[in-house]
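Student: need a structure here:
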Amino acid sequence: MKHLYTKLGHKFGPKRSPAQRAFGPSRSSGLLASSPTATADVTALSLLLLLLATPRIPPCSPPPCTDYDMAYFKAYSHIGVHEEMLKDHVRTNTYRNAIMHHQDLISGKVVLDVGCGTGVLSIFCAFAGAARVYAVDASDIALQAMEIVRENELSDKVIVLHGRIEDVEIEEKVDVIISEWMGYMLLYESMLGSVIFARDKWLKPGGLILPSHASLYLAPITNSHRYQDSVYFWQDVYGIKMSSMMPLAKQCAFMEPSVETISGENVLTWPSVVAQVDCYTIQAPELETITATFNYTSMLQAPLHGFAFWFDVEFNGPVRQRSKKQANQCLDGNTQDASPSNKKKKADAPIVLSTAPEDAPTHWQQTLLYLFEPIELKKDQNIEGSVTISQSQQHARFLNICLKYFTRDQWYVKESVMK
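Tutor: Numbers count the residues shown, from 1 in each chain. Below is the predicted model of the structure:
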């Protein structure tokens, strides 16, 4: 990173040892005036005694960078990924509105953008009056972000650092952390861990995190068109019987989670809350496995084709932090109803970015788990069960999903991997 600091006029330079930070370079000790030899001996002894007496603070150990991580960063170097995100007007405008909403907490402050991409959020923060913005990205798109910053004449405010947030050096605390860390079904790609790392290492007490809170929802859905397109299509193809293809078609279409857009009309019940995340207090181990129970009552008579995940995030200021107990309520497996009456309690939330089926579509869409065989539901029929989402042991950015549900006097299990 040394060449990057020099190139950007960054004055922090290479990492120094604790002794160098505490006592300055060894060539300028000068603790006692005597002969050069005596001075050196006394200085060395004094330094040794001081270091032994100083309590050691365990360093914040970064996780290793795996081959999967390298492939992930390489994928985010492609312009198409960033074009899709920037063309998502719901996403980008909501972030811009949230930044301007909290302008009084950003103006004149130091901001850290975790996973900056093209740098658009960093530039929004600069427009909001930030004194300095550290824009960090491990993918090669950071090189383009540097050019975009120069093009907008913001090199004096926005400092682009090309590297993992776990590896870069920033030798000052920050007032604000902003990040667009959400993946499909909120937790896919596991980028929230990097935000937690940055928060624990650099955020000042009482600092601002945007977004501040997130909720993951689950609901049963019906979607006959998907079955028609992917499965029943094979019954008759140009007058040729191909029903023998249907079992394979179901395996190929419904084995893994599907990212697609549905509407509110596809949703059979009010959703339940699977998990709630408070970015001010959440710890990385809490994300390794999340389990929640649910109990739905169908509002329609329709075939149950699967279950849908979606999420929303809130951009609350630090004064609205919830207690750790409240933040982890759902992570302990207690679901909450997400009906409109319950959502009204959050009506005072300043800014919300929603990926719900009834709201404007986003590039996240919804994540669907389809059943291999539909189940005919009657109105007011009960569906109960549990869902467990865990990080893959082989690849932490993948998610293992286990859905267990009971209806019509029978238990069912659906297991899949989001990869």
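
Student: Can you tell me the SS state at Val176?
Tutor: strand (DSSP: H, G, I helix; E, B strand; the rest coil).

Student: Hmm, Leu112 and it touching each other?
Tutor: Yes. Checked against CB atoms under 8 Å, the pair Val176 and Leu112 is within contact range at 7.0 Å. Where you see a C-beta, it was placed from the backbone N, CA and C, and this is true even at glycine.

Student: Which one's more surrounded, these two?
Tutor: Leu112 (32 against 24; other CB atoms under 10 Å).

Student: May I ask you to confirm that that one is in contact with Ile177?
Tutor: Yes. Leu112 lies in contact with Ile177 (CB under 8 Å); the separation is 5.0 Å.

Student: residue ranges with poor pLDDT in the stretch 251-400 of the chain?
Tutor: For the stretch 251-400 of the chain, applying pLDDT under 70 flags the ranges 319-350.

Student: Show me where it has its helices.
Tutor: 324-327, 340-343 (DSSP state H, counting those that start in this stretch).

Student: which residues are common contacts for Leu112 and Ile177?
Tutor: Ala198, Trp202, Leu203 (CB atoms under 8 Å, 6 or more residues apart in numbering).

Student: nearest spatial neighbour of the last one, skipping sequence neighbours?
Tutor: Spelled out, that is Leu203. Ile177 (5.6 Å; CB to CB, 6 or more residues apart in numbering).

Student: Which residues does the one you found form beta bridges with?
Tutor: Using DSSP bridges, the beta-bridge partners of Ile177 come out as Leu112, Ile209.

Student: Tell me the spacing between Glu260 and Pro205.
Tutor: In this view, Glu260 and Pro205 are 43 Å apart by CB to CB, to the nearest Å.

Student: These two: who's more crowded?
Tutor: Shown here are Glu260 and Pro205; by other CB under 10 Å, Glu260 has more neighbours (12 against 6).

Student: Could you find the closest non-adjacent residue to that one?
Tutor: Gln365 (5.7 Å).

Student: Next, give phi and psi for that neighbour.
Tutor: phi 50, psi -140 (degrees, to the nearest 10).

Student: gap between it and Asp88?
Tutor: Taking CB to CB, one finds Gln365 at 10 Å from Asp88.

Student: now swap in Ile170 and tell me
Tutor: 29 Å.

Student: And Val231, by the same measure?
Tutor: In terms of CB to CB, Val231 sits 30 Å off from Asp88.

Student: who's more crowded, these two?
Tutor: Val231 (20 against 16).

Student: how about the more buried one, what does it touch?
Tutor: Met246, Ala249, Lys250, Ala253.

Student: Domains of the protein: list them as residue ranges, please.
Tutor: 2-9+62-180, 213-418 (automatic domain parsing).

Student: returning to that earlier point: top of the shared contacts of Leu112 and Ile177 by neighbour count?
Tutor: Ala198 (25 neighbours).

Student: Got phi/psi on that one?
Tutor: Residue torsions, per degrees, to the nearest 10, at Ala198 are phi -60, psi -40.

Student: Model confidence at it, what's the number?
Tutor: Looking at Ala198, its pLDDT is 99.

Student: how close does it sit to Glu314?
Tutor: Ala198 is 19 Å from Glu314, by CB to CB.

Student: And the strands in the stretch 251-400 of the chain?
Tutor: Applying DSSP state E, counting those that start in this stretch to the stretch 251-400 of the chain gives strands spanning 258-260, 272-278, 289-297, 302-314, 352-354, 366-377, 382-391, 399-407.

Student: and the first one, which strands flank it?
Tutor: Using DSSP bridges, the strands paired with strand 258-260 are strand 366-377 (antiparallel).

Student: likewise the longest one?
Tutor: Using DSSP bridges, the neighbouring strands of strand 302-314 in the sheet come out as strand 213-221 (antiparallel), strand 352-354 (antiparallel), strand 366-377 (antiparallel).

Student: Only the C-alpha atoms, please, for it, written as CSV.
Tutor: The C-alpha trace of strand 302-314 is given here as CSV (Å, rounded to 0.1, in the frame of the first residue of the first chain):
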residue,chain,number,x,y,z
ALA,A,302,-54.1,-21.3,-3.7
PRO,A,303,-51.2,-23.7,-4.3
LEU,A,304,-48.2,-23.2,-2.1
HIS,A,305,-45.2,-23.1,-4.5
GLY,A,306,-42.5,-21.9,-2.1
PHE,A,307,-41.3,-19.3,0.3
ALA,A,308,-39.8,-15.8,-0.4
PHE,A,309,-37.1,-13.8,1.4
TRP,A,310,-36.8,-10.0,1.2
PHE,A,311,-35.4,-7.3,3.5
ASP,A,312,-35.4,-3.7,4.3
VAL,A,313,-32.8,-1.4,5.9
GLU,A,314,-33.2,1.7,8.0
